[in-house]
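In: next input, structure requested:
(2 chains)
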Protein chains: 2
Amino acid sequence: MPEPKQDRAIRTRDEIIRAAAEVFDERGYNGASMREIMKRAGVTLGAVYFHFTNKEAIAREVMNGQPPTILPHLETGGLQQAVDITLAWSCKLQWDPLLRAGVRLAVEQSGLEFRDASSYTAWQAIFEECLLVAREKGELRDHVSPRDLAEFLVGACTGVQLYSDLLYRRADLPERTVKMWELLIPGIATERTAEQIKVSVRRASALAA
Amino acid sequence: MPEPKQDRAIRTRDEIIRAAAEVFDERGYNGASMREIMKRAGVTLGAVYFHFTNKEAIAREVMNGQPPTILPHLETGGLQQAVDITLAWSCKLQWDPLLRAGVRLAVEQSGLEFRDASSYTAWQAIFEECLLVAREKGELRDHVSPRDLAEFLVGACTGVQLYSDLLYRRADLPERTVKMWELLIPGIATERTAEQIKVSVRRASALAA
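Out: I've put the predicted structure just below:
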């Protein structure tokens, strides 16, 4: 049975995004061209423009593709879920083109014409949801605002990966992410929760597998 | 009495760095040219090349010029000094070209040919020094490693300013920096120190003045 037209269109679109992610990861926003994305995806330039009006539209899609590569694989809730998101991310960022390109584009924006904060605010909303559950479960200390902590986590993770990228090409990012939580948890979690939260490089590898 | 030759050379060098900082802040590394730096500094191209072999050499100098714009103005020690550095930085980053360019260059590097982590490691060493004093003064909880906390602070501050820049052009950076410490301090400082540490937007403005 031949593949239905709609399915094929979705598959082509996914292939373009995947190819674009690789090109953005390697060359950054300014260095990437629609032509190279087309070649990498193995489609026609017409197909690329059928799905996306311009390079900026693809870049936005790539940036917003980060959360779905991580979230469906997690089974925990509350503070442990916030921890697990960062752990999985710290490992996957070493090889997943969609995550790598998403981070590069998000960081590069400070120097670009187009500014789109949605990948930051999407992660912030995801962390906030975990932390609101954590609040309800009594996992957080009273002074901790889920919103403030969520915003801080997005900023801190962004910067920690930049530091790790520049010094060690991200090889130590899982370790740095673990250390971030070891510094944060005693101040933000109740004593009981602090004892129960699992955070280790081994857990990061397992979550990213 | 005419200005000695050496003084004039130092002054010219400073003017080139100052002008370069403005140009890097506005255009980024790739967008900046030696010619524009020369024009902005009001010197000849020969003078620029007398002091610096190429654009990369000026960029390095600009990046390494961050700490001296903040440190000499602080009078505290230990953990309070680490706090004060970030508070002064969070305000000055809104208008000081040397700091702004330094941060932009440091962040942009992930996409550039030249990679120089020295502005990260310089701040890390400065924080570590404050935190080693804090350790000696008994300000830190036992589980806190001055080295790990120093590295985390550099990463976290870098990312928090990126987030603030993208969403609010850094207008809320002092507030975000205060919130960072409010989340961190209960977990890293002894109870007594946590009560004594002063961290507020008002203090940030005063330190940057």
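
In: okay, CA-based contacts and neighbour counts for the rest of this
Out: OK.

In: quick check, pLDDT for A:Glu113.
Out: Model confidence at A:Glu113, given as pLDDT, is 64.

In: same question for A:Ala208.
Out: On the pLDDT scale, A:Ala208 gets 92.

In: same thing with A:Trp89?
Out: For A:Trp89, the model assigns a pLDDT of 95.

In: which residues touch it?
Out: Applying C-alpha atoms under 8 Å, 6 or more residues apart in numbering or on different chains, we find A:Trp89 in contact with A:Ile70, A:Leu99, A:Ala208.

In: gap between the residue nearest the centre of chain A and A:Ile126?
Out: For chain A, A:Gln66 is the residue whose C-alpha lies nearest the centre (C-alpha atoms, centre = their mean; 4.0 Å). Using C-alpha to C-alpha, to the nearest Å, A:Gln66 is found at 12 Å from A:Ile126.

In: go on, A:Ser90?
Out: In terms of C-alpha to C-alpha, A:Ser90 sits 16 Å off from A:Ile126.

In: out of these two, which sits in the more crowded spot?
Out: Counted by other C-alpha atoms under 10 Å in any protein chain shown, A:Ser90 and A:Ile126 do not tie: A:Ser90 has more neighbours, with 27 against 16.

In: residues of the one helix or strand the more buried one maps to that come out buried?
Out: Element membership for A:Ser90, per DSSP states H and E: helix A:78-92. Neighbour-count burial for helix A:78-92, counted by 16 or more other C-alpha atoms under 10 Å in any protein chain shown, picks out A:78-92.

In: for those residues, which one is nearest B:Val107?
Out: A:Ser90 (18.5 Å; C-alpha to C-alpha).

In: for that closest one, give me its contacts.
Out: Contacts of A:Ser90 by C-alpha under 8 Å, 6+ apart are A:Gln161, A:Leu173, A:Pro174, A:Thr177, A:Ala204.

In: confirm that the last one sits in a strand.
Out: Looking back up the chat, that one is A:Ala204. No. Counting by DSSP: H, G, I helix; E, B strand; the rest coil, A:Ala204 falls outside a strand, being helix.

In: and it, how far from chain B?
Out: Applying C-alpha to the nearest C-alpha, to the nearest Å, the value for A:Ala204 to chain B is 18 Å.

In: ditto for the second one
Out: Summarising the geometry, the distance separating A:Leu173 from chain B, computed by C-alpha to the nearest C-alpha, is 11 Å.

In: count of neighbours near that residue?
Out: 25.

In: got a list of what it touches?
Out: Taking C-alpha under 8 Å, 6+ apart, one finds A:Ser90, A:Cys91, A:Val160, A:Gln161, A:Ser164, A:Asp165 in contact with A:Leu173.

In: just to revisit the earlier point, a markdown table please, covering the contacts of A:Ser90 and showing distance to A:Phe24.
Out: Formatted as a markdown table, the contacts of A:Ser90 follow (distance: C-alpha to C-alpha, whole Å):
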| residue | distance to A:Phe24 |
| --- | --- |
| A:Gln161 | 17 |
| A:Leu173 | 21 |
| A:Pro174 | 23 |
| A:Thr177 | 24 |
| A:Ala204 | 25 |
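
In: write a ChimeraX command that selects only the buried members of the residues you listed.
Out: The buried residues among the contacts of A:Ser90 can be selected in ChimeraX (16+ other C-alpha under 10 Å) with this line:
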select /A:161,173,174,177,204
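
In: least confident of the contacts of A:Ser90?
Out: Minimum pLDDT for these is recorded at A:Gln161 (93).

In: sticking with it, tell me its helix or strand.
Out: Element membership for A:Gln161 (DSSP H and E) is helix A:146-168.
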